[in-house]
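Trainee: Sequence and predicted structure, then a few things I'm wondering about:
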Amino acid sequence: MTSLLRQRALSGSQPTFGPLRFIEALPWIVLAAALRVIAFSGGPVALFAVIGASIAILQAFIAVARRSIELADGQTDLGNLTLKDELRLSLRILGLIALLMAIGVVSVIWTGNAGLSGSMIAGLDGMAFDQFTHLGKFWSATVAALVLLMLLHAERHAGRINLLDVIGELIDRWRWFGGAIVVLGGFYFGLSLTQGVVRTAIWATWQGETSQTFLRNLVFFVFIFSFAMIRLWITLTVLTWGLRQSYWHAQQD
């Protein structure tokens, strides 16, 4: 159903600033950011908020993936999915990624690095929001690559996803697609540093301004989902390029 390298003429004017090309993902990012705030507050609804935020991130990922494939002169049927179909696909992917994250948690605990278990759990979250460890950034890049392959695999197999086949495809395309994952991890480092500087500047500017608490929180909230949009844009741009290169070089061999 999907042929990433099938040429397609793109018509109509497009925004020139990258993240604005994926504006349809913005409502999902806003929802994910709001649910993350609820999850961080703890309480009995925290788990449901985490699940909801994860689904929202996957929905945003699907929107950006579709546009990224089209902008890379590829063709995809992701745009033909109904909201119900997208949610079903997101839930299916979430279950598989949760399994991989659980394996990651067990692995780091087994190797005596239990402190990194949080980074493994945040693998999906790190596709849009800042990861807090070096390993976590590359883990999130790997998770993003797997999610993209799962989307394409689902298109080719009427919505079904075989995790072993997806991992096998990742291994087969490791030369170029794996390189894209490493590059993406590097981008996550740079973006994290930039985000940290901006975050510090925001808090320094509004520190002690108790009379403008609402405005400060609003600015900080906009800051969070703005960087989330940029992170998703970079993620899909890099991964789509790497996947396209892997297809092209496979045809040449």
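Mentor: Arrived safely.
Trainee: From now on I want contacts and neighbour counts done on CA atoms only, so please keep to that.
Mentor: Noted.
Trainee: and the longest helix for this protein?
Mentor: Taking DSSP state H as the criterion, the chain has its longest helix at helix 213-252.
Trainee: Enumerate the positions of stretch 102-121 that are buried.
Mentor: Burial within stretch 102-121, assessed by neighbour count using 16 or more other Cα atoms under 10 Å, is assigned to 104-108, 116-121.
Trainee: So which residues of the stretch 1-150 of the chain form helices?
Mentor: 26-40, 46-71, 83-110, 117-121, 134-156 (DSSP state H, counting those that start in this stretch).
Trainee: Leaving out sequence neighbours, find the closest residue to the residue positioned nearest the centre of the chain.
Mentor: Nearest to the geometric centre of the chain sits Met127, at 3.1 Å (Cα atoms, centre = their mean). In this structure, Met127 finds its nearest non-sequential neighbour in Ser140, 5.7 Å apart by Cα to Cα, 6 or more residues apart in numbering.
Trainee: how far away is that neighbour from Phe22?
Mentor: Here the criterion is Cα to Cα, to the nearest Å. By it, Ser140 lies 20 Å from Phe22.
Trainee: which residues of the stretch 1-150 of the chain score low on pLDDT?
Mentor: 1-21 (pLDDT under 70).
Trainee: go again using 90 as the cut-off
Mentor: 1-26, 30, 33-34, 36-44, 46-47, 65-83, 112-116, 118-119, 131-133 (pLDDT under 90).
Trainee: show me the contacts for Thr240.
Mentor: 68-69, 72 (Cα atoms under 8 Å, 6 or more residues apart in numbering).
Trainee: For those, give me a markdown table that also has distance to Gly178 and neighbour count.
Mentor: Shown next, in a markdown table, are those (distance: Cα to Cα, whole Å; neighbours: other Cα atoms under 10 Å):
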| residue | distance to Gly178 | neighbour count |
| --- | --- | --- |
| Ser68 | 18 | 25 |
| Ile69 | 18 | 23 |
| Ala72 | 18 | 18 |
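Trainee: buried sites along stretch 26-42?
Mentor: 26, 28-33, 35-36, 38-39.
Trainee: mind checking how far the nearest residue to Phe220 once chain neighbours are set aside is from Arg231?
Mentor: Residue nearest to Phe220 in three dimensions, not counting chain neighbours: Ile202, with 7.2 Å by Cα to Cα, 6+ apart. To Arg231, Ile202 is 19 Å away according to Cα to Cα.
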